[in-house]
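Chemist: requesting a structural model of the entry that follows:
(chains A and B)
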There are 2 protein chains.
Amino acid sequence: MDFLNYPQPLADLISCLARLPGIGPKTAGRLAFYLLQQPRISEDLAQAIHAANHSIRKCSICCNFTDQDPCVLCQNPQRDSSELCVVEHPRDVVSLEKTKEFKGRYHVLHGVLSPMEGIGPEQLTISLLLKRLEGVKEVVMALNPTVEGEATALYLARLLKPLGIKVTRIAHGLPVGGDLEYADEVTIARALEGRRQL
Amino acid sequence: MDFLNYPQPLADLISCLARLPGIGPKTAGRLAFYLLQQPRISEDLAQAIHAANHSIRKCSICCNFTDQDPCVLCQNPQRDSSELCVVEHPRDVVSLEKTKEFKGRYHVLHGVLSPMEGIGPEQLTISLLLKRLEGVKEVVMALNPTVEGEATALYLARLLKPLGIKVTRIAHGLPVGGDLEYADEVTIARALEGRRQL
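Modeler: Numbering: from 1, shown residues only, chains lettered A, B, ... in the order given. You can find the predicted model right below:
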């Protein structure tokens, strides 16, 4: 793909957009022209990216994305501190919250163990998880049912069970190989209900 | 769609992204989380949008997007000033340039006549087109083969023919109802070759 015919700032914009997941050069070109034709929308977008980059950080307790530390969920006194739900991504917290089935607290790993990609326990937020186990009776593994997700759940179960904590995993109601983010609320709710001890 | 569970700057970012064409709330969420996880890519993108917005403007001659005025094509002394190709969007110039078939100059309308959407001749760059007809022998209509594109071509032909200018239209090699941007180079080249007088 050459962008020879585009003026440089436009070519830069297209190549930046093409770096986003699921956006190829053709879509990137279309988006770039749309942004140029809609200066208000594009300035809003640039500012929103900037604002999100500067104000969104990881909660020091649960590692979820937040604009205040600790995050809303960690500050909420009505959440059950004895239940901890471990998820891969911040977006999984939103998926689970939509079911309104889980009343405990969350812990976001920001990934799963993947030796192939060089992701070990140090690259995840596992050390922070181990520091917040006081009073925790149950840890629910709500990781995606992929090979890496399963391996990560088993790894954590092996760390947590010797500490006398009940470790459960959401049921395989999710299609194997699928993605938590794209499951419907009922499926996720069933998966939460049918969790079983590791 | 509610974004209740997202912190405000993240919700803002998602709703900004969801305003882009072809991007729904789910994709917007995915892109937003990607941008948060890749601060360098997202800062680059914000800056590229900002830079494009500030440095890209319409060429005062052909109305194509450019970072210098007049644009590279209008400045090029090797282009044939007696042939003028009228297109709907700046991206159509790129599509035509890729065929390397057209050696003349361009004029970008930034839309087509569409009474339904309140787009009349004043909303397009038709007055600028009429001012640059000195020495022009042929005007090639390279508008999309849609109802609005056909109507605009006929409208312009009626304006230009009394001035003694040959008005042609690229051939219907393009599938009717299709979009110039997505046609392959050969099809566009055929369409240019087979142009006929209106």
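Chemist: use CA for all of it now, contacts and neighbours both
Modeler: OK.
Chemist: chain neighbours aside, what residue packs nearest to residue A:124?
Modeler: residue A:109 (5.4 Å; C-alpha to C-alpha, 6 or more residues apart in numbering or on different chains).
Chemist: show me the domain layout of chain A.
Modeler: Per automatic domain parsing, the structural domains of chain A span A:8-55, A:65-197.
Chemist: how long is the first one end to end?
Modeler: Translated: domain A:8-55. One end of domain A:8-55 to the other measures 31 Å (C-alpha to C-alpha, to the nearest Å).
Chemist: briefly note if that domain comes near chain B.
Modeler: Yes - using C-alpha under 8 Å from any C-alpha of the partner chain, domain A:8-55 reaches chain B at A:8-10, A:12-13, A:16-17, A:19-21, A:31, A:33-36, A:39, A:41-53, A:55.
Chemist: look up how far chain B lies from the closest residue to residue A:126 other than its chain neighbours.
Modeler: Nearest non-adjacent residue to residue A:126, counting by C-alpha to C-alpha, 6+ apart: residue A:109, 6.8 Å away. Distance, residue A:109 to chain B, using C-alpha to the nearest C-alpha, to the nearest Å: 13 Å.
Chemist: ok, now residue A:88?
Modeler: 13 Å.
Chemist: ditto for residue A:161
Modeler: From residue A:161 over to chain B the distance is 31 Å, taken as C-alpha to the nearest C-alpha.
Chemist: quick one: classify residue A:60 as helix, strand or coil.
Modeler: What DSSP: H, G, I helix; E, B strand; the rest coil gives for residue A:60 is coil.
Chemist: quick one, what contacts it?
Modeler: Going by C-alpha atoms under 8 Å, 6 or more residues apart in numbering or on different chains, residue A:60 touches A:69-70.
Chemist: go on, the one 3 residues further on?
Modeler: Shown here is residue A:63, whose contacts under the criterion C-alpha under 8 Å, 6+ apart are A:107-110, A:125.
Chemist: recalculate using a threshold of 7 Å.
Modeler: Shown in contact with residue A:63 (C-alpha atoms under 7 Å, 6 or more residues apart in numbering or on different chains): A:107-108.
Chemist: ok, now the one 4 residues further on?
Modeler: Counting by C-alpha under 7 Å, 6+ apart, residue A:67 touches A:55-57, B:7.
Chemist: pLDDT score for it?
Modeler: Here, the pLDDT recorded for residue A:67 equals 89.
Chemist: pLDDT score assigned to the residue lying closest to it once chain neighbours are set aside?
Modeler: Distance criterion C-alpha to C-alpha, 6+ apart; nearest residue to residue A:67, sequence neighbours excluded, is residue A:56 at 4.7 Å. pLDDT recorded at residue A:56 is 90.
Chemist: and what of residue A:3?
Modeler: 38.
Chemist: wait, isn't residue A:12 in contact with residue B:49?
Modeler: No - Residue A:12 is beyond contact range of residue B:49, at 8.9 Å (criterion: C-alpha atoms under 7 Å).
Chemist: next SSE downstream of the helix or strand where residue A:160 lies?
Modeler: Applying DSSP states H and E as the criterion places residue A:160 in helix A:147-160. Counting by DSSP H and E, the next helix or strand C-terminal to helix A:147-160 is strand A:166-169.
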